[in-house]
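>>> Quick one, fold the following:
(chains A and B)
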Number of protein chains: 2
Amino acid sequence: MRVSFLGTGAAGGVPLYGCHCRACERAHADRAAVRQPCCALIETGLTRVLLDAGLMDLHRRFPHGSLDAILLTHFHPDHVQGLFHLRWGVGEKLAVHGPKDSEGCADLYKHPGLLDFQSARKFAPFTVGELKITPLPLIHSKPTLGYAVEGPGGERFAYLTDTRGLPPRSLAWLQNWGRFELALDCSFPPRPEPANHNDWDSALACVDELQPARTWLTHVGHKLDDWLITQSPRMPESLLIAADGQVFDVVPTAE
Amino acid sequence: MRVSFLGTGAAGGVPLYGCHCRACERAHADRAAVRQPCCALIETGLTRVLLDAGLMDLHRRFPHGSLDAILLTHFHPDHVQGLFHLRWGVGEKLAVHGPKDSEGCADLYKHPGLLDFQSARKFAPFTVGELKITPLPLIHSKPTLGYAVEGPGGERFAYLTDTRGLPPRSLAWLQNWGRFELALDCSFPPRPEPANHNDWDSALACVDELQPARTWLTHVGHKLDDWLITQSPRMPESLLIAADGQVFDVVPTAE
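Numbers count the residues shown, from 1 in each chain, chains lettered A, B, ... in the order given. Below is the predicted model of the structure:
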């Protein structure tokens, strides 16, 4: 099971429009430091699933028929805005699983076009091709689901963004899941009162409680990047900062 | 006064996602035939105004400070979706003039960020730099304004999309405006009951009533492009089909 981080940025991305902090200047100079809207692709030999749809060029990246489903964590624009264009297409419907959210985003429900929106139920697993997917509720300013994804060889990957901490039931579910790799919301450097998103400290507290095999911090804002440049915090080998375009294989592991 | 058509497509653009009609195949093969979300730039020596904000890369095209204002015709996603990303920027506010629409689009009003939304009033002229701008109501499925733009040398350009026909007062206003050039919604080939957008016949009826110096048909859908390939309709020299990237100067003309 292969995971590709297509975008790893917080809302507004890096460089942030009009900003001249060190992180934003670095991203202007070096394309490798750019962070687009938070989005990942999961692939096995037979299945291809997109996690979130905030990238603005989905219609060019994924020709019709090249995706088996899209999983939406929530309906904030930076996670769904790529769908506005995609929906007007023709041909077979594309399944879009997401949290039950009566608002959705703008007129996506009114004019779904090609998109077949389906409400995912908390803790109720479903399958897409070779993948077994369990939605886990998160803590955010809109109904939000993380996804625990299990591949055909027992590979396990959890994608938990956007969130500030974890609800006790989601935490307990993951603690009983066995060995897995994790992508986790870490939007900000340490700050007094984190809300809606993890800061560095609350993200590391989650990691400490979950003890994943490896953790990739994602949904990174420019202030966190700037802080990382200045502070260069010491990090265990199993903790990584995700980058746009990064690809890794989730290896099946014996429990 | 220079006008650049940055995008000339109907919602979904050309090529339409998943479509294999002649127009869409042509656009896949030839970048010059691609139609992005409908959007234009008006520039004088001192002023730079964007008409609609549906392009997905506004933040890259227009660095902070490079636009004096954005004029929105209406709040459908294909005309505003580029703002979702732009708004999170830092620095001086960017004026965004648009119709009074209590809904707006998604959470743009709730989180305007950098954007300074201002309601334009029908027939009430305002200025942005060297440009005198008069909002004209149009006929669409959401509150929608066209804009009559007058440059410092008396150059006149009207941008009328999205619309199906014209309200009598807007028609009368333009008929009394003197000589002007026009960009006009023409989304579809002739069809029995056009709604929300002009088809070929209703667009030509508008042109006949307005008698502009030149008309550029825009907001073109793939079916119209396909029809144009097949039918090659005879057109007077003053009637043109707009294309993405096309640039022209509006010349001051004696009345």
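>>> what does chain A have sitting close to chain B?
Residues of chain A lying near chain B by CB under 8 Å from any CB of the partner chain: A:11-13, A:16-19, A:37, A:56-57, A:59, A:63-65, A:76-78, A:81, A:84-91, A:105-107, A:114. From N, CA and C alone the C-beta is placed, and that goes for glycine too.
>>> same thing but at 6 Å, please
Applying CB under 6 Å from any CB of the partner chain, we find that chain A lies next to chain B at A:11-12, A:17-19, A:56, A:59, A:64, A:77, A:81, A:84, A:86, A:88-91, A:105-106.
>>> So for A:Pro194, what's the pLDDT?
Looking at A:Pro194, its pLDDT reads 76.
>>> Give me the three-state assignment for it.
Secondary structure state of A:Pro194, per DSSP: H, G, I helix; E, B strand; the rest coil, is coil.
>>> Name the residues that touch stretch A:218-234?
A:8, A:10, A:14, A:16, A:21-24, A:35, A:38, A:161, A:183, A:185, A:187-189, A:242 (CB atoms under 6 Å, 6 or more residues apart in numbering or on different chains).
>>> quick one: which of those sit in strands?
In strands, defined here by DSSP state E, the members of these are A:183, A:185.
>>> Give the ChimeraX command for selecting the buried subset of the contacts of stretch A:218-234.
Paste this into ChimeraX to select the buried members of those, with burial taken from 16 or more other CB atoms under 10 Å in any protein chain shown:
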select /A:8,10,14,16,21,23,24,35,38,161,183,185,187,188,189,242
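>>> who's A:Pro135 bridged to?
A:Pro135 has these beta-bridge partners by DSSP bridges: A:Tyr147.
>>> quick revisit: now the buried members of the residues of chain A next to chain B.
Buried among the residues of chain A next to chain B by 16+ other CB under 10 Å: A:11-12, A:17-19, A:56, A:59, A:64, A:77, A:81, A:84, A:86, A:88-90, A:105-106.
>>> now the strands: where do they sit in the stretch 101-250 of chain A?
Here the stretch 101-250 of chain A has its strands, by DSSP state E, counting those that start in this stretch, at A:115-119, A:126-128, A:131-137, A:145-150, A:156-160, A:181-185, A:214-218, A:239-241, A:247-249.
>>> can you tell me the average pLDDT over the second one?
Looking back up the chat, that one is strand A:126-128. 98.
>>> What's the local residue count around the closest residue in space to A:Ala33 that isn't next to it in sequence?
Using CB to CB, 6 or more residues apart in numbering or on different chains and skipping the chain neighbours, the partner closest in space to A:Ala33 is A:Ala27 (4.3 Å). For A:Ala27, the neighbour count with other CB atoms under 10 Å in any protein chain shown is 23.
>>> likewise the one 3 residues further on?
Neighbouring residues of A:Asp30 were enumerated by other CB under 10 Å; the total is 9.
>>> Okay, it and A:Gly7: tell me how far apart.
16 Å (CB to CB, to the nearest Å).
>>> Next: A:Met235.
Taking CB to CB, one finds A:Met235 at 22 Å from A:Gly7.
>>> Comparing the two, which shows the higher neighbour count?
Between A:Met235 and A:Gly7, counting by other CB under 10 Å, A:Gly7 is the more crowded of the two (24 against 13).
>>> pretty sure that one contacts A:Cys39?
Yes: the pair A:Gly7 / A:Cys39 is scored as a contact, 4.2 Å apart, by CB atoms under 6 Å.
>>> Overlap of the contact sets of these two?
In contact with both A:Gly7 and A:Cys39: A:Leu55, using CB under 6 Å, 6+ apart.
>>> Among the residues of chain A next to chain B, name the ones in strands.
Using DSSP E, the subset of the residues of chain A next to chain B located in strands is empty.
>>> Take these and keep only those in helices.
Counted as lying in helices by DSSP state H, out of the residues of chain A next to chain B, are A:59, A:77, A:84, A:86.
>>> Can you name the two of those residues that sit furthest apart?
A:His59 and A:Pro77 (16.7 Å; CB to CB).
>>> In a markdown table: the strands of the stretch 101-250 of chain A, plus distance to B:Gln175.
Listed next are the strands of the stretch 101-250 of chain A as a markdown table, based on distance: least, CB to CB, whole Å:
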| stretch | distance to B:Gln175 |
| --- | --- |
| strand A:115-119 | 43 |
| strand A:126-128 | 58 |
| strand A:131-137 | 58 |
| strand A:145-150 | 56 |
| strand A:156-160 | 58 |
| strand A:181-185 | 57 |
| strand A:214-218 | 57 |
| strand A:239-241 | 61 |
| strand A:247-249 | 60 |
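>>> any idea how far the residue in the stretch 101-250 of chain A positioned nearest to chain B is from A:Thr161?
Per CB to the nearest CB, A:Ala106 is where the stretch 101-250 of chain A lies closest to chain B, at 4.3 Å. Per CB to CB, A:Ala106 is found 21 Å from A:Thr161.
>>> what's the answer for A:Leu138, then?
Separation of A:Leu138 from A:Thr161 (CB to CB): 8 Å.
>>> pLDDT weak spots in the stretch 151-255 of chain A?
Residues of the stretch 151-255 of chain A that meet the criterion pLDDT under 70 lie in A:253-255.
>>> Count residues in the vicinity of A:Ala172, would you?
When neighbours are defined as other CB under 10 Å, A:Ala172 has 11 of them.
>>> who are the neighbours in contact with it?
If you count contacts by CB under 6 Å, 6+ apart, A:Ala172 has none.
>>> where's it relative to B:Ala242, distance?
On the measure of CB to CB, A:Ala172 and B:Ala242 end up 58 Å apart.
>>> cool, and A:Ala29?
Taking CB to CB as the measure, A:Ala29 falls 36 Å from B:Ala242.
>>> which residue sits closest to A:Pro189 in space, ignoring its chain neighbours?
A:Trp227 (3.5 Å).
>>> likewise A:Asp185?
Closest to A:Asp185 by CB to CB, 6+ apart is A:Thr161, at 3.7 Å.
>>> roughly how far apart are the one you found and A:Lys142?
Using CB to CB, A:Thr161 is found at 13 Å from A:Lys142.
>>> try A:Thr73
Using CB to CB, one obtains 9 Å as the distance from A:Thr73 to A:Lys142.
>>> So between these two, which is more surrounded?
In this view A:Thr73 and A:Lys142 are compared by other CB under 10 Å, and A:Thr73 has more residues nearby, 31 against 16.
>>> so where does that one fall, helix or strand?
A:Thr73 belongs to no helix or strand when assigned by DSSP states H and E.
>>> A:Val96 now?
Taking DSSP H and E as the definition, A:Val96 sits inside strand A:94-98.
>>> Give me the average confidence score over that strand.
Taken as a whole, strand A:94-98 carries a mean pLDDT of 98.
>>> With just CA atoms, put it into PDB.
The C-alpha trace of strand A:94-98 is given here as PDB (Å, rounded to 0.1, in the frame of the first residue of the first chain):
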ATOM      1  CA  LEU A  94     -17.400   9.000  -8.700                       C
ATOM      2  CA  ALA A  95     -18.100   7.900  -5.100                       C
ATOM      3  CA  VAL A  96     -17.300  10.600  -2.600                       C
ATOM      4  CA  HIS A  97     -17.500   9.400   1.000                       C
ATOM      5  CA  GLY A  98     -17.500  12.000   3.800                       C
END
